[in-house]
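1. Provided below are the primary sequence and the corresponding predicted coordinates.
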Amino acid sequence: MSEIPTLALIAHDAKKDVMVEFARGHRDKLAAYDLVGTGTTGGRVLDACPELSLTRLKSGPLGGDQQIGALIAEGKLQGLIFFADPMSPLPHDVDVKALMRLAIVYDIPMALNVSTAEILLRSARLKGLGTTSDTPEVGSTAS
Ligand SMILES: O=C(CO)COP(=O)(O)O
């Protein structure tokens, strides 16, 4: 597996412009990661920042969220920036929920808005340098 941490970028349609602005504003920091993105989000980010290393997966409604969920389950994703649309019904809502659930299960840093994404990019944890000693084990029943 690559030594470079992998970070996923996803944005729903109403948040794609926000993601593009975020990527433009943080392109230097994003350049430190192997990026993956759902199809349309990834395309928009690459159009704005073609120098970034970003692998486009399928579009969200066609399975892209599930592909990113699979990366989490396989231990291949270190962080997730997901600008989700809180105002619109989505045909693949169950996929979105499943992806967020896996990020919780595997304790993957997951930013759902810009202010949290900025904190996430500053985090040593995302670079694999932070302690995980306070992290409950997956499957822990502690409440
Ligand atoms: O729908 C999405 C996430 O749930 C995003 O997919 P696209 O980036 O292909 O629009």
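-> Alright, I've got the coordinates.
2. What strand or helix carries the nearest residue to L54 once chain neighbours are set aside?
-> Leaving out its chain neighbours, the residue that sits closest to L54 by C-beta to C-beta, 6 or more residues apart in numbering is L35, at 3.9 Å. Backbone N, C-alpha and C define where each C-beta goes, glycine included. Using DSSP states H and E, L35 sits within strand 34-37.
3. and the residue nearest to L54, bridged to which residues?
-> Beta-bridge pairing for L35 (DSSP bridges): L7, L54.
4. which residues touch it?
-> 6-9, 42, 45, 52-55 (C-beta atoms under 8 Å, 6 or more residues apart in numbering).
5. distance of the closest residue to the ligand within the chain from E118?
-> When distances are taken as C-beta to the nearest ligand atom, the chain reaches nearest to the ligand at G60, 2.1 Å away. Distance, G60 to E118, using C-beta to C-beta, to the nearest Å: 23 Å.
6. Compare these two and say which is more crowded by neighbours.
-> Using other C-beta atoms under 10 Å as the criterion, G60 and E118 rank with G60 on top: 27 against 16.
7. check which helix or strand covers I104.
-> Taking DSSP H and E as the criterion, I104 maps to helix 93-105.
8. Please tell me how far the next helix or strand after that helix is from the chain's geometric centre.
-> Using DSSP H and E, the helix or strand that follows helix 93-105 towards the C-terminus is strand 110-111. The chain centroid and the centroid of strand 110-111 are separated by 7 Å, computed with C-alpha atoms, centre = their mean, to the nearest Å.
9. And stretch 7-21, by the same measure?
-> Centroid displacement of stretch 7-21 relative to its chain, using C-alpha atoms, centre = their mean, is 10 Å.
10. is that stretch up against the ligand anywhere?
-> Yes: counting by C-beta under 6 Å from any ligand atom, the ligand has neighbours in stretch 7-21: 10, 12.
11. what does that stretch rub up against?
-> Residues from elsewhere that reach stretch 7-21 (C-beta under 8 Å, 6+ apart): 23, 30, 33-38, 40-42, 44-45, 47-48, 54, 60, 64-65, 68, 71, 77-85, 87-88, 90, 114, 126.
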